[in-house]
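> quick one, fold the following:
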Amino acid sequence: MVWMGGCTVSAIVEQFSAVVWNVMNRPSIVDLIDILLLSVIIYEMLVHMRHTRISQTIKGIFILLLATWASDMIGM
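Modelled structure (predicted):
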């Protein structure tokens, strides 16, 4: 049994599979429209800020968040 932050891996996998099961088995037309709308909005935002300074800033923030998460995972 592998422990990760006080939880077993099997408990995490079980919870994740329950969430996926609920999401995949109950989408309504409103959910699908919501997903489509958000996808279009996010895509358009990414296209518009592709070659600007904000894209470099967002990349830097993402790298810092990723490094923070990784250091927490290995206990630094």
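> got a pLDDT number for residue 4?
For residue 4, the model assigns a pLDDT of 52.
> quick one: the strands in the protein?
3-4, 7-8 (DSSP state E).
> could I have stretch 59-73 exported to PDB, CA atoms only?
Output in PDB follows, covering the C-alpha atoms of stretch 59-73 (Å, rounded to 0.1, in the frame of the first residue of the first chain):
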ATOM      1  CA  LYS A  59       4.400  30.800 -18.700                       C
ATOM      2  CA  GLY A  60       6.700  32.000 -15.900                       C
ATOM      3  CA  ILE A  61       3.900  31.800 -13.300                       C
ATOM      4  CA  PHE A  62       3.000  28.300 -14.500                       C
ATOM      5  CA  ILE A  63       6.600  27.200 -14.200                       C
ATOM      6  CA  LEU A  64       6.800  28.600 -10.700                       C
ATOM      7  CA  LEU A  65       3.600  26.900  -9.700                       C
ATOM      8  CA  LEU A  66       4.900  23.600 -11.200                       C
ATOM      9  CA  ALA A  67       8.200  23.900  -9.300                       C
ATOM     10  CA  THR A  68       6.300  24.700  -6.000                       C
ATOM     11  CA  TRP A  69       4.100  21.700  -6.500                       C
ATOM     12  CA  ALA A  70       7.100  19.400  -7.300                       C
ATOM     13  CA  SER A  71       9.000  20.600  -4.300                       C
ATOM     14  CA  ASP A  72       6.000  19.900  -2.000                       C
ATOM     15  CA  MET A  73       5.600  16.500  -3.500                       C
END
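> which residues are contacting it?
Stretch 59-73 has contacts (Cβ atoms under 8 Å, 6 or more residues apart in numbering) with no other residue. All C-beta spots, glycine's among them, are computed from the backbone N, C-alpha and C.
> rounded mean pLDDT for that stretch, please.
The average pLDDT within stretch 59-73 is 89.
> same deal with stretch 20-33?
For stretch 20-33, the mean per-residue pLDDT is 78.
> first-to-last residue distance for that stretch?
19 Å (Cα to Cα, to the nearest Å).
> and that stretch, how far out from the chain's middle?
Relative to its chain's centre, stretch 20-33 lies at 17 Å (Cα atoms, centre = their mean, to the nearest Å).
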